[in-house]
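Participant: Predicted model and sequence follow; I will ask about them next.
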Amino acid sequence: MASEAPAQSYGFRHVLYSWSHWWQTDVVGTVDQAEVIARRREECGLTARYLLMLSMSAGIAILGLLLSSPAVVIGAMLLSPLMGPIMGLGFALAIGDFRWIKQSARSLAVGTLLSVLFCALVVVFSPLQTVTSEIAARTKPNLFDLGVALFSAIAGAYAMIRGREGTVVGVAIATALMPPLAVVGFGLATFNWTVFSGALMLFVTNLMTIAFTAAVMARLYGFRTSLSERQTQFQTVIIIVAFVALAIPLGISLRQIAWESNATRQINAAVGDAFDDRARLSQIEVNYNTQPIQVSATVLTPELRSDAERIIARATSRRIGAPVNVKLTQYRVGTDAQAAEVAQLAAAQAQREADLQRAEELAERMALLAGVPDSEVLVDRDRRRAVVRAKPLDGATLEAYEELERRLSKLEPEWDIQLVPPAKALPAIAFDDEDAMTDKGAEALGLVVWAAQRVGAPVELAGPDKPVEAARAALVAKGISVVAEPNGSRTHEVTASWTSPDKATDASGDGE
């Protein structure tokens, strides 16, 4: 027995030695490292062709995102030249060539900045500035995105080392980089911090993952380093720490996704347990962005149960450890003789599912435009009404918020959309020499009416007597609480400002 252990140890060492010999001789030994490095250096230069192709790729990508067209976005990936400098950065890290690192980093930095600014310029002059599903998909990075970048980098590095690089490899790299970079430009142009920060996080994650993976692949294939052993160990530690630093926040995001997936299974099971085997779950919607969690389900059952909502809510809360509010719709169905009824119900449910999906997409767009989480958007699907309170944005006026609401309303004409702006400064209402409101003054008055209706705060007016009274009457007719302070001035403007509810109440009492 004692002799078996040394024999097994010898056998393992022999297999390990054979594999190592095969790798060094038949794999690493067949790579022309000088040619690979020379080719990679050549593609890292900051050339006019590189900048032109990158700009065109960014322009196509942002147009595809605005149009929510995956085919157009793929077209942008075919043009993107980002593979050259980013893979060059990885190879330069592997061999410790700091001059090459500087060259690659410079090309990446200039190209990234140019792409973001070019995309932002396209968005500024574009009539479409709505957050589409393609844009929203690039604002919430998770561990799966890290996996996409990792596999793309492995494929790209292998193809380059073995001399088989081509358009397909470039598309793989561009998949992870160009779309989120275009979304960064969109967030910059629309002053949407949620979109900007989420897409930037995704871009940086993919960029570092691809560069570090390329460095590891190059080292595995025997690319020699000019660094000392201590410097090489430090380089390895830096790469590992960077991967861990990226994986932690993305892992937290993926953990939330996994929890929601498990919670959905538990909810489905709880709904099924509340009915007998003849019942069928037709449709279920779960909103995890509210407190408590909102569950809407439709069940086709031969027997209606009045206590089903209470039973399901209690069972679900116990299983997932979070409060749940259940809204259950039950349809009585019979046997095969009622197939027509079931078909009608199925058609109705299909329409309802489409309406629910449309409402969720609308809520997501409103949240991104307002710069708030999805949970802060109030959606009443029955009345087709959606309300969100926007965060203050630097440089954004009331006109900007009104324009955002107007664009959303045009996209969803069947919905009553209200974007509540922050209490920004109100415009002055202009009158002419005969105390008649000018066209510009009418526009300003309309903006005051819109802002007051959304904010829900009273307005104070000051200026010449007759113009103040005319503006006050127009606001009161719209149901707005007004404090009038005529001062007999000789100007032709009525200044409008926000005031406190108490002052408006006192003014109303004085008027009575």
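Facilitator: That came in fine, so what should we check first?

Participant: The stretch 51-200 of the chain: helices as residue ranges?
Facilitator: 70-79, 83-95, 98-124, 133-136, 143-161, 167-189, 193-220 (DSSP state H, counting those that start in this stretch).

Participant: In TSV: the ones you listed, plus mean neighbour count, mean pLDDT and distance to Val494.
Facilitator: C-betas here are computed from N, CA, C, even on glycine. As requested, the helices of the stretch 51-200 of the chain are exported to TSV (neighbours: other CB atoms under 10 Å; pLDDT from 0 to 100; distance: least, CB to CB, whole Å):
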stretch	mean neighbour count	mean pLDDT	distance to Val494
helix 70-79	17	73	49
helix 83-95	26	80	58
helix 98-124	18	88	33
helix 133-136	20	77	41
helix 143-161	20	76	53
helix 167-189	24	73	35
helix 193-220	22	81	35
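
Participant: looking at those, which is closest to Leu447?
Facilitator: Closest approach to Leu447 among these is made by helix 98-124 (22.0 Å; CB to CB).

Participant: Who are the packing partners of the closest one?
Facilitator: Helices and strands touching helix 98-124, by 3 or more CB pairs under 8 Å, 6 or more residues apart in numbering; DSSP states H and E, are helix 48-66, helix 83-95, helix 167-189.

Participant: any idea how far the shortest one is from the chain center?
Facilitator: Averaging C-alpha coordinates over helix 83-95 and over its chain gives two centres that are 29 Å apart (CA atoms, centre = their mean, to the nearest Å).

Participant: before we move on, back to that, so which of the helices and strands packed on helix 98-124 is nearest Leu393?
Facilitator: Here helix 167-189 is closest among those (CB to CB), at 11.4 Å.

Participant: Now do the strands in the stretch 251-400 of the chain.
Facilitator: 280-287, 293-301, 324-332, 378-380, 385-389 (DSSP state E, counting those that start in this stretch).

Participant: could you check the angle strand 280-287 makes with the second one?
Facilitator: What it means is strand 293-301. Counting by axes from the mean of the first three to the mean of the last three CA atoms, to 10 degrees, strand 293-301 lies at 170 degrees to strand 280-287.

Participant: Give me the contact list for strand 293-301.
Facilitator: By CB atoms under 8 Å, 6 or more residues apart in numbering, the surrounding residues in contact with strand 293-301 are 263, 267, 271, 275-276, 278-287, 308, 312-313, 316, 320, 322-333, 342, 345, 349, 352, 356.

Participant: Quick check: beta-bridge partners of Arg332?
Facilitator: With DSSP bridges as the criterion, Arg332 is bridged to Thr301.

Participant: Contact partners for it?
Facilitator: Applying CB under 8 Å, 6+ apart, the residues contacting Arg332 are 301-304.

Participant: If any of the residues you listed are buried, put those into a ChimeraX selection.
Facilitator: The ChimeraX command for the buried members of the contacts of Arg332 (criterion: 16 or more other CB atoms under 10 Å) is given here:
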select :301
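
Participant: if we can go back for a sec, tell me which of the helices of the stretch 51-200 of the chain lies nearest to Pro392.
Facilitator: Of all the helices of the stretch 51-200 of the chain, helix 193-220 sits nearest to Pro392, with 10.8 Å by CB to CB.

Participant: chain center to that closest one, what's the gap?
Facilitator: 17 Å.

Participant: Near Leu398, how many residues? Count them for me, please.
Facilitator: By other CB atoms under 10 Å, 21 other residues sit near Leu398.

Participant: Could you do the one 3 residues further on as well?
Facilitator: Burial measure for Tyr401: 24 neighbouring residues, criterion other CB under 10 Å.

Participant: show me the contacts for the residue nearest the centre of the chain.
Facilitator: Nearest to the mean C-alpha position of the chain, by CA atoms, centre = their mean, lies Thr139 at 2.4 Å. Listed by CB under 8 Å, 6+ apart, the contact partners of Thr139 are 183, 194-195, 198-199, 202, 368.

Participant: Quick check, pLDDT for it.
Facilitator: pLDDT, Thr139: 77.

Participant: close enough to count as contact, Glu309 and Leu328?
Facilitator: Yes - counting by CB atoms under 8 Å, Glu309 touches Leu328, with 4.8 Å between them.

Participant: which residues sit against the strand or helix carrying Glu443?
Facilitator: Element membership of Glu443 [criterion: DSSP states H and E] is helix 439-455. Residues outside helix 439-455 that contact it (CB under 8 Å, 6+ apart): 398-399, 402, 418-421, 423-424, 426-431, 437, 458-459, 471, 474-475, 478-480, 494, 496, 498.

Participant: What about the residues you listed, which are in helices?
Facilitator: Counting by DSSP state H, the contacts of helix 439-455 place 398-399, 402, 471, 474-475 in helices.

Participant: Tell me how many other residues crowd Arg49.
Facilitator: For Arg49, the neighbour count with other CB under 10 Å is 9.

Participant: Report the separation between it and Arg41.
Facilitator: 16 Å (CB to CB, to the nearest Å).

Participant: Now do the same for Val483: helix, strand or coil?
Facilitator: Classification of Val483 using DSSP: H, G, I helix; E, B strand; the rest coil returns strand.

Participant: And the pLDDT at it?
Facilitator: pLDDT, Val483: 87.

Participant: With Ile429 as the reference, measure out to it.
Facilitator: For Val483, the distance to Ile429 - CB to CB - is 15 Å.

Participant: neighbour-wise, which of these two wins?
Facilitator: Ile429 (29 against 20).

Participant: dump the residue contacts of the more buried one.
Facilitator: Ile429 neighbours (CB under 8 Å, 6+ apart): 437, 441, 444-445, 448, 461, 467, 471, 493-496.

Participant: Please name the bridge partners of it.
Facilitator: Val494.

Participant: mind checking pLDDT for it?
Facilitator: 90.

Participant: My read is that Glu405 contacts Asp416, right?
Facilitator: No - assessed by CB under 8 Å, Glu405 is found out of contact with Asp416, at 10.6 Å.

Participant: These two: which has the busier surroundings?
Facilitator: Glu405 (20 against 12).

Participant: tell me the domain ranges of the protein?
Facilitator: For the chain, the structural domains run 1-27, 31-226, 261-349, 429-511, going by automatic domain parsing.

Participant: ok, and what's touching stretch 43-60?
Facilitator: By CB under 8 Å, 6+ apart, the list of residues contacting stretch 43-60 from outside reads 72-73, 75-77, 79-85, 87-89, 100, 103-104, 106-107, 110-111, 114-116, 118-119, 122, 174, 178, 181-182, 185.

Participant: In space, what's closest to Asp416 - neighbours in sequence excluded?
Facilitator: Arg385 (4.4 Å; CB to CB, 6 or more residues apart in numbering).

Participant: Count the residues that sit near the one you found.
Facilitator: Arg385 - counted by other CB under 10 Å - has 13 other residues nearby.

Participant: Against Val483, how distant is it?
Facilitator: Distance from Arg385 to Val483, by CB to CB: 30 Å.

Participant: now Leu419
Facilitator: 26 Å.
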